[in-house]
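Asker: Let's see this in three dimensions:
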Amino acid sequence: MFKGEVYTIPKEKSLDRPRYWYFPGSLNAQKGRLFLRCCSSSLDFSTIDFRCIEYPEYNQTLEFAKICPNMSIPVLEIDDKIITDSRDIQRYLTEKYPSKGDAAVAADEGKTKKMEEFIESCLTWDEYLFSYRKLPNFLGASMHHIRLVCLSDAILDAAKDNSGINIDEDALLDGRTIREAYVRKIAQIRSMIQIGCEAETPELTKRISANDDCMDEIFRRASTMLTENSGVGTDCDDNNDASLLMGGDSTNIASADIYLAVAVIRMKWLDESYLDSKFDKYPNTRLWWEHFLTLPEAQVLLEDNDKRGTVLRMIKSGKPFKMLGCALGIYKAKPLPDDIERDVQAELKKLNEAYFSSN
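Answerer: Coordinates of the predicted model:
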């Protein structure tokens, strides 16, 4: 639901080493961490400044909005760029610091085209819709309400006469004013609550069914690629079960593998029986997953999806108390000024119309 951008900054303001803003529970942030882990040796993973933020509180602040106007994660600051979208991170790293797997794909025009097509199919899957319709409603809604509290606090503080900020004139990196960015963000979160946490409507039922069809197509494509590129599922190679999507060296992960891996682990977290149904229908993909988990790079993904660590982070940041406060109506967003509220309502209407009119 959020599309980031790539911003070029003056070289004198660029960092002496890459900085990556993320939260382990974010699927898109997990993609970015895996892209970085698999990069060529010219980008040393151990030297990257990883900034694990307090989510969702910190990325709604004006301080973070000045880095990423969409207030989304992940964000990669590298060379003279600020990259605020995982797809753009993948493209930049593939061009500048390609993994061995991506470098091998780039040398084959046919494979390059197929990988791009596969990645685009993965991007059509609505991970948000899947995830929040699997989570207990109170949990997803509470997290969104925490975001709304932080967003309203940020815009109200910025709008104060003594803040030294003019929300109608001061612009962020993408050219939008602070007011415009926060109006859209608040509307997006309200839309997400309606789509992911409120009663299921006939329109949502159709979207959920279409989303399942989309995931089925992703697994079908993956299964076909494994057969075409590595002979998985055939008798042509005794060792073909240990393969990656794009073939070649079975230890060299390509971007296609990363897109599928983060989707698989999200399904494993939220509905393992659903994942098993896909593996049963496309058994090649189960073999691929079992092999992927043996690779050292996969440990980054497993670390980010450690359930015990997730629970401890939530407790440490006081999330259970905030969620309880949301449920009791004690912890809630402050009312917005009438003019800002009107803008939010208008933006919310546009977002919902666009979402349900899209395929």
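
Asker: any idea which helix is longest in the chain?
Answerer: Among the segments of the chain that qualify as a helix by DSSP state H, the longest is helix 202-230.

Asker: average pLDDT across stretch 169-178?
Answerer: Stretch 169-178 shows an average pLDDT of 96 in the prediction.

Asker: Now the terminal residues of it, how far apart.
Answerer: 8 Å (Cα to Cα, to the nearest Å).

Asker: hmm, who's touching the helix or strand residue 344 falls within?
Answerer: Assessed by DSSP states H and E, residue 344 sits inside helix 338-357. Contact partners of helix 338-357, identified using Cβ atoms under 8 Å, 6 or more residues apart in numbering, comprise 1, 155, 179, 182-184, 186-188, 190-191, 194-195, 203, 207, 335-336. Yep, even glycine has a C-beta here, placed from its N, CA and C like the rest.

Asker: same question, stretch 318-334
Answerer: 138-139, 141-143, 145-146, 148-149, 151-153, 156, 314.

Asker: PyMOL command for the buried members of these?
Answerer: Only the buried entries of the contacts of stretch 318-334 go into this PyMOL selection, using 16 or more other Cβ atoms under 10 Å:
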select buried, resi 141+142+143+145+146+148+149+151+152+156+314
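
Asker: which one of the contacts of stretch 318-334 is nearest residue 59?
Answerer: Residue 59 lies nearest to residue 151 out of those, by Cβ to Cβ, at 10.1 Å.

Asker: Alpha carbons of the helix-or-strand element of the chain with minimal mean pLDDT, in CSV - could you do that?
Answerer: Within the chain, no helix or strand scores below helix 307-316, which has a mean of 88 by mean pLDDT, DSSP states H and E. Only the C-alpha atoms of helix 307-316 are listed here, as CSV (Å, rounded to 0.1, in the frame of the first residue of the first chain):
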residue,chain,number,x,y,z
LYS,A,307,8.9,-15.5,17.7
ARG,A,308,10.5,-15.3,21.1
GLY,A,309,12.5,-12.2,20.1
THR,A,310,9.3,-10.6,18.7
VAL,A,311,7.5,-11.1,21.9
LEU,A,312,10.4,-9.7,24.0
ARG,A,313,10.6,-6.6,21.8
MET,A,314,6.9,-6.0,22.2
ILE,A,315,7.1,-6.3,26.0
LYS,A,316,10.2,-4.2,26.2
